[in-house]
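>>> What follows is a protein structure lacking sequence information:
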Ligand code: URA
């Protein structure tokens, strides 16, 4: 089949978007898989075990921070989290700390790790487009992550790492005093929301988030993660419905956003 015909068929089948930066020939024979080799021993910095008192120290450091700057400094000094040793930079937050709207992602990837800013890679560019579609940008919201250091190789954070990062995120949110928190993806939604229900069931429904030091619970909207939407474009219509719900609530509660 000529390349142009192949392209035409893809368009007719509804492929209207490139998923990868480089073309990939999925019809090419698969390369032989190399024989499995035993994993090499991890370097000491990667294999560093979690220190037993780390969650308690995380709680104490986070609770003692009276300002966002103090919280960022406390996090930067929290070397007990093994992820701090392997990351290039702490990825604390981006956007406006005075905004009443906060987005919480999962963990930085490679580009975020290098830049020290959340959501600057492919999923971040897509997040910016999602925000623009409801007329907002990073000047009217705050963006942060559940985990502030890149897990090596983008692996999932362990339960122990989540437990020791959570007090910092909760304190960050309490200091920001937001009106609305949007969690992006299953990990931040389930961890902050204290639930194991799946993101496809949770997304698009307003919940409430109680935070220490705040007298009233905060409105919480779980949404699908932009990276998942890039991999699963058929789900974008649900994300669009959720963005419209968010826009509606912003019009009621944050007219400036
Ligand atoms: N994915 C996230 O959840 N956070 C980032 O900062 C980047 C990608």
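Received, thanks. Because the structure is a prediction, the values reported are computed rather than measured.
>>> Determine the number of other residues adjacent to whatever residue of the stretch 51-200 of the chain ends up closest to the ligand.
When distances are taken as CB to the nearest ligand atom, the stretch 51-200 of the chain reaches nearest to the ligand at residue 105, 2.9 Å away. Every C-beta, even on glycine, is put in place using the N, C-alpha and C of the backbone. Using other CB atoms under 10 Å, residue 105 is surrounded by 27 other residues.
>>> before we move on, what about residue 221?
23.
>>> pLDDT score for the residue of the stretch 51-200 of the chain closest to the ligand?
In this model, residue 105 is scored at 98, pLDDT.
>>> ok, now the one 4 residues further on?
Each residue has a pLDDT score; the one for residue 109 is 98.
>>> on that earlier part again, test my guess that the residue of the stretch 51-200 of the chain closest to the ligand contacts residue 142.
No. Residue 105 is not in contact with residue 142 according to CB atoms under 8 Å; the separation is 11.6 Å.
>>> contacting residues for the residue of the stretch 51-200 of the chain closest to the ligand?
Residue 105 sits next to 118, 119, 123, 143, 144, 145, 146, 184, 185, 188, 225 when contact means CB atoms under 8 Å, 6 or more residues apart in numbering.
>>> Help me confirm that residue 94 is found in a strand?
Yes. Remark: residue 94 belongs to a strand, assigned using DSSP: H, G, I helix; E, B strand; the rest coil.
>>> Tell me the residues of the stretch 51-200 of the chain that contact the ligand?
105, 106, 107, 108, 109, 112, 118, 119, 121, 123, 124, 145 (CB under 6 Å from any ligand atom).
>>> what's the fourth one in contact with, if anything?
For residue 108, the set of contacting residues under the criterion of CB under 8 Å, 6+ apart consists of 87, 91, 118, 145, 147, 148, 149, 150.
>>> For the residues you listed, which two are the farthest from each other?
By the measure CB to CB, 87 and 118 form the most distant pair in these, at 12.8 Å.
>>> between those two, which one's more packed in?
Using other CB under 10 Å as the criterion, residue 87 and residue 118 rank with residue 118 on top: 27 against 22.
>>> Which residue, other than its chain neighbours, is closest to residue 166?
residue 191 (6.3 Å; CB to CB, 6 or more residues apart in numbering).
>>> dump the residue contacts of that neighbour.
Taking CB under 8 Å, 6+ apart as the test, what residue 191 contacts is 146, 162, 166.
>>> State the helix or strand in which it lies.
Using DSSP states H and E, residue 191 falls within helix 186-193.
>>> Return the set of buried residues in the helix or strand following that helix.
Per DSSP H and E, helix 186-193 leads on to helix 199-202 as the next helix or strand towards the C-terminus. Within helix 199-202, the residues scored as buried using 16 or more other CB atoms under 10 Å are 199, 202.
>>> mean confidence for the next helix or strand after helix 199-202?
The C-terminal neighbour of helix 199-202 among helices and strands, as given by DSSP H and E, is strand 207-209. Rounded to a whole number, the mean pLDDT of strand 207-209 is 98.
>>> Which elements pack onto strand 207-209?
Using 3 or more CB pairs under 8 Å, 6 or more residues apart in numbering; DSSP states H and E as the contact test, the elements touching strand 207-209 are helix 186-193, strand 218-223.
>>> one more time with 7 Å, if that's ok
strand 218-223 (3 or more CB pairs under 7 Å, 6 or more residues apart in numbering; DSSP states H and E).
>>> Is the ligand within reach of the strand it packs on?
No. Using CB under 6 Å from any ligand atom, we find that strand 218-223 stays clear of the ligand, coming within 11.7 Å at best.
>>> related to what we said a few turns ago, quick one, which of the contacts of residue 105 are buried?
If we count by 16+ other CB under 10 Å, those have these buried: 118, 119, 123, 143, 144, 145, 146, 184, 185, 188, 225.
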